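J.: fold the following.
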Amino acid sequence: MPQILIIGGMGQIGRAIAGDLLAHTNADLILTGRRLPSSRDPLAANSRVRCLQLDVEDGDRLAFLISSVNLVIHCAGPFDYRDQRVLRTCIENQVSYLDVSDSPRFVQDALMLSDRAAAAGITAVVSTGVFPGISNSLVRWGIEALDRAESVHLSYVVAGSGGAGTTVMRTTFLEIRHPFQGWVHGQWRSIVPYSAPEWVTFPDPYAKAQVYWFSTSEAATLPRSFPQLHTVTTKFGSLPGLYNQLTGLMARLPPIVIQQPWIIEALAKVSYGMTQLSDPWTGTGVAIRAQVDGQHQGKPARATATLSHPQMLLTVGAGTGSLAQLLLQGWQQPGIWPVEQALPSALFQKLLQQRGIPLTLDVDLDIESL
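T.: Reported below is the predicted structural model:
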C-alpha cells in the first residue's frame, strides 16, 4: 500500500488534502503537526490515517519519515518562513514531492533545485492547491485555446475565511509588507500590493467583486512558463468588501510596523476571528477568473476560464490531491515544476471532473465589442 506523508497535515489545508486522498486513492496517510488531534477527531480515527508530532526543524526525524514513504506533501506554511529542507530531503531520499507554497521567493528557490531532482529521478510540483494550483492550469487551458496569447488577467475572490485557518491569514499579511515584482508590458515592475482596485465579473453566485494587485507565485512563474506573454496581472479580493478596505489600510502602514512578527500574528488572529463571525452569511467559497487575450484565426480573441465553488477547502484538496493521484499511478516528469508546466490541460480537466469541480472555458472572437 502506498504511503503519503502530509507535513502540516493536521491544519485545515492539510486535512482537506487528506480528505481528497482518502476518497480518490488507496494510500495510507501520515499526518504531522506540532500537536496531536483529539481521540474524537474523525480523521485521526480513520484506519488509513496515522497522526504524528513533528517539528520540520528536526532534520533527523524529518529524514526518517520521508525515507519511509512514497510521496511527501508539504503543507506547513507560511512558506515565507520556510527554507528548502523538506524538498532537499526528498531529493536525497528519491521521494516525490508536492507542496502548497504561495511565496514567490520560496517557489523560485525550489525551482533552482530542478536539475538535482531530475538527476535523482523524482517529480516535484510546487504551488499546488487552488490558487496557486488550479489557477495555473486555468491559465494554461485559456492560452491553449488561442493561436497566440499576449496577456493574462488572473483574478480571485474568496468569501470570508474560505474555511482556512490563521496560517492563510498570516500569509496575506506577510505578502502585503513590501512591493513585489509583476510582469507588465514586457518588463518586471515594482507593484504596490493591494493597489489599483477594479471590478471583475466572476461566475455565480459572486457576480461583480472588487480585486486588487496581490503577490502570488503565479505572478512569478507564468511569465517564465509562457514567454510570449507581455503582461500577467494577478489580483485578489475578499467578501465582504469591508475586508478589502481593512487589508488595504494594513498595506499602507509604515514598513517598520507591518514587518513586526508579533503584529503579523495579531492581525492574523483578529482577521480570523472576524471571519468566524461573517462566514455563516458569506459562506466560504472561491471563484477564479483567468482571462487570456491574444489572437485566434487571425483575429483578436479572448479566452476566459473560470471556476466557482462553495467550499474553497474542497478545491484546495482537489488541486493537490489530483496531482498526488497521478504520482501514485506512475505518472512521472523528473524535475521541479510549477503546475502550469507539469499538468496537461486534458488531464487537468479529467481529474477535476472526477471530483465534481465545475470548470468553464469561453472563447470570444469579437473582443472589440466587449
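J.: how about Arg116: what's its closest non-neighbour residue?
T.: Distance criterion C-beta to C-beta, 6 or more residues apart in numbering; nearest residue to Arg116, sequence neighbours excluded, is Ile91 at 5.4 Å. Every C-beta, even on glycine, is put in place using the N, C-alpha and C of the backbone.
J.: repeat for Thr233
T.: Nearest residue to Thr233, sequence neighbours excluded (C-beta to C-beta, 6+ apart): His153, at 4.5 Å.
J.: got the buried residues for the helix or strand the one you found falls within?
T.: Using DSSP states H and E, His153 maps to strand 148-159. By neighbour count on 16 or more other C-beta atoms under 10 Å, the buried set for strand 148-159 is 149-159.
J.: output the contacting helices and strands for that strand.
T.: Applying 3 or more C-beta pairs under 8 Å, 6 or more residues apart in numbering; DSSP states H and E, one finds that strand 148-159 makes contact with helix 135-144, strand 208-213, helix 217-225, strand 231-239, strand 286-296.
J.: list the buried ones in the longest helix along the chain?
T.: If you go by DSSP state H, the chain has its longest helix at helix 261-282. Within helix 261-282, the residues that qualify as buried by neighbour count (16+ other C-beta under 10 Å) are 264, 267-268, 271-272, 274-275, 278, 282.
J.: nearest to Ser39, of these?
T.: Tyr272 (25.6 Å; C-beta to C-beta).
J.: and the pLDDT at Asp83?
T.: Note for Asp83: predicted pLDDT of 95.
J.: oh, that last question was meant for Leu370, not what I typed.
T.: 43.
J.: now swap in Ile176 and tell me
T.: Taking Ile176 on its own, its pLDDT is 85.
J.: now the closest residue to Gly319 other than its chain neighbours: how far from Ala120?
T.: In space, and not counting its chain neighbours, Gly319 is closest to Gly133: 3.8 Å by C-beta to C-beta, 6+ apart. Per C-beta to C-beta, to the nearest Å, Gly133 is found 24 Å from Ala120.
J.: who's more crowded, the two?
T.: Each of Gly133 and Ala120 has its neighbours counted (other C-beta atoms under 10 Å); Gly133 has more, 30 against 18.
J.: picking up where we left off before, how about the residue nearest to Gly319, secondary structure?
T.: What DSSP: H, G, I helix; E, B strand; the rest coil gives for Gly133 is helix.
J.: can you map out the strands along the stretch 51-200 of the chain?
T.: 71-74, 96-99, 123-126, 148-159, 180-184, 187-191, 198-201 (DSSP state E, counting those that start in this stretch).
J.: now tabulate those strands in TSV and tack on mean pLDDT.
T.: As requested, those are exported to TSV (pLDDT from 0 to 100):
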stretch	mean pLDDT
strand 71-74	98
strand 96-99	98
strand 123-126	98
strand 148-159	97
strand 180-184	96
strand 187-191	97
strand 198-201	96
